[in-house]
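Colleague: After the sequence you'll find the predicted model.
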Amino acid sequence: MVLVDTPIWSLSLRRRDIDWSPSERRVTQSLYHLVRQNRVKLLGSTRQEVLSGIREESQFLLIRDHLRGFTNVDLDVGDYEEAARASNECRRRGIAGSPVDLMCAVALRHSWQIFTTDRDFAHYGKVLNVELFSME
């Protein structure tokens, strides 16, 4: 399974495909392939981030309805505790923590990969051993 991060959803759902670069086109094709394989997982916080800042109500409703096809991953107390521990560990090693700590904690608990274009995850991966999804 693959936990998909906000930048991937935003690219795929909020940007026009005619504006995509070749590398962005590969990203969106990879997401569509994962969706077809039923391998996509979504955090509620990611859903909120993707939907935030949309100015047009019609676009908001369209993207909201699309994302409703994906249930939120159930989180428990341990996920938040692990996210805090991960943040502390990263800070000890000179890497600033952020809300992605929760995504890392959930991915680690389930042994899922994370699909993102956020370069910070490469730093987290060195400390937390999270596995990033590769489009290769």
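Modeller: It's in. Numbers count the residues shown, from 1 in each chain.
Colleague: May I see the domains of this protein written out as residue ranges?
Modeller: Domain assignment for the chain, taken from automatic domain parsing, gives 2-67, 77-132.
Colleague: Format these as CSV; extra columns: mean pLDDT and mean neighbour count.
Modeller: C-beta: built from backbone N, CA, C; applies to glycine. Listed next are the domains of the chain as CSV, based on pLDDT from 0 to 100; neighbours: other Cβ atoms under 10 Å:
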stretch, mean pLDDT, mean neighbour count
domain 2-67, 94, 15
domain 77-132, 88, 17
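Colleague: gap between the helix or strand harbouring residue 35 and the chain center?
Modeller: In this assignment (DSSP states H and E), residue 35 forms part of helix 22-36. On the basis of Cα atoms, centre = their mean, to the nearest Å, helix 22-36 is displaced by 14 Å from the centre of the chain it belongs to.
Colleague: And it, what does it pack against?
Modeller: strand 2-4, helix 6-14, strand 113-115 (3 or more Cβ pairs under 8 Å, 6 or more residues apart in numbering; DSSP states H and E).
Colleague: Before I go, just wanted to say thanks for your time.
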